[in-house]
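[1] Quick one: sequence and predicted model below, then my questions.
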Amino acid sequence: MLAKLTALLQPGGEAQSMRLSREYYSLPYDDTKEFLTDFLTRVKILEERIAATRVTMNDDKHTLLCLTMALPPRFRSWCRSGQLQRE
């Protein structure tokens with residue numbers, strides 16, 4: 001029952017999936033500060049949280065995710081607002 005309540009209280013949707021995916025793809029590992037098993041645990045938790053959003057990432061969403069990670073901060077809002085799709 002606790003697992004069901006936790007799942008219901010987790011934020012979901014495309015925005016959450018994109019945020020978690022961005023975090024997943026840029027997850028740092030520093031072997032001087034953590035063990036590999038701890039890092040792999042963080043990776044697994046992020047994978048599970050992404051899967052829990054139940055969002056399928058099509059090519060357009062994947063492109064927007066890559067752009068939000070690669071573009072300078074001043075241009076990232078264009079990706080979020082969809083302005084790049086119209087231009």
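    Great, that's in hand. Numbering: from 1, shown residues only.
[2] so for the biggest helix by length in the chain, what's the average pLDDT?
    Once the chain is assigned using DSSP state H, the helix that runs over the most residues is helix 36-52. Helix 36-52 shows a mean pLDDT of 90.
[3] What residues sit buried inside the very next helix or strand once past that helix?
    Per DSSP states H and E, helix 36-52 leads on to helix 59-70 as the next helix or strand towards the C-terminus. Of all the residues in helix 59-70, those buried under the rule 16 or more other CB atoms under 10 Å are Leu64, Leu65, Thr68. Using the backbone N, CA and C atoms, a C-beta is placed for each residue, glycine as well.
[4] worst-scoring helix or strand of the protein, pLDDT-wise?
    helix 83-86 (a mean of 44; mean pLDDT, DSSP states H and E).
[5] can you pull the contacts of the spatially closest residue to Ser26 that is not a sequence neighbour?
    In this structure, Ser26 finds its nearest non-sequential neighbour in Met69, 6.3 Å apart by CB to CB, 6 or more residues apart in numbering. Counting by CB atoms under 8 Å, 6 or more residues apart in numbering, Met69 makes contact with Arg22, Tyr25, Ser26.
[6] nearest residue to the second one other than its sequence neighbours?
    Yep, that's Tyr25 we're talking about. Met69 (6.5 Å).
[7] Okay, that neighbour and Glu48: tell me how far apart.
    21 Å (CB to CB, to the nearest Å).
[8] what does Leu36 give?
    Taken as CB to CB, the span from Leu36 to Glu48 is 19 Å.
[9] now Pro72
    In terms of CB to CB, Pro72 sits 31 Å off from Glu48.
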